[in-house]
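**Q** here is the input, now give the coordinates:
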Amino acid sequence: MNLCNDSGSSNPIWEEYTLQRVDFNSIWGGDLVNIATCISPLGNEAETQNYVKSIIREIASWLIDHRNQFSPQDRFQIIVGWDLNVRSGSRDIVKEGGTWDELTDIAKGSEVTFRRGWNNRIF
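**A** Got it, this is the predicted structure:
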């Protein structure tokens, strides 16, 4: 995984990603940390779904491995979307995350929920 130099990039291609923090200390005492990356479709829908799940789980595992760089109260949103060359609107494929406990579940293989319409006009 490689952090993009430009944290404002709207189209980092896996294995690049963006990481942005939003201050939610007044609400839950920590930050909302967004980690996002983009992909192109693989050969078919099933291959692409498995690929997206592996990315989500790898990012969750990476966050857990680097837990000391975050607050115990931080919450996370892991986003995998389509490359701009694939789709220019409605690009989200998956948004997963939450608390540290939820990240642990994701890393261990809990079910990943795909966004409605993620595969429209792709395969």
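**Q** Leu32 contacts Leu19, doesn't it?
**A** No: if you go by C-beta atoms under 8 Å, Leu32 and Leu19 don't touch, sitting 11.5 Å apart. C-betas here are computed from N, CA, C, even on glycine.
**Q** do a quick rundown of the helices in this protein.
**A** For the chain, the helices defined by DSSP state H cover 25-28, 45-65, 100-107.
**Q** show me the shaky parts of this protein.
**A** Low-confidence segments of the chain, defined by pLDDT under 70: 1-15.
**Q** go again with 90.
**A** 1-29, 84, 87-90 (pLDDT under 90).
**Q** hey, where'd the strands end up in it?
**A** 2-3, 16-24, 30-39, 75-82, 92-98 (DSSP state E).
**Q** which one of the helices of the chain lies closest to Asp74?
**A** The closest of the helices of the chain to Asp74 is helix 100-107. By C-beta to C-beta, the value is 8.0 Å.
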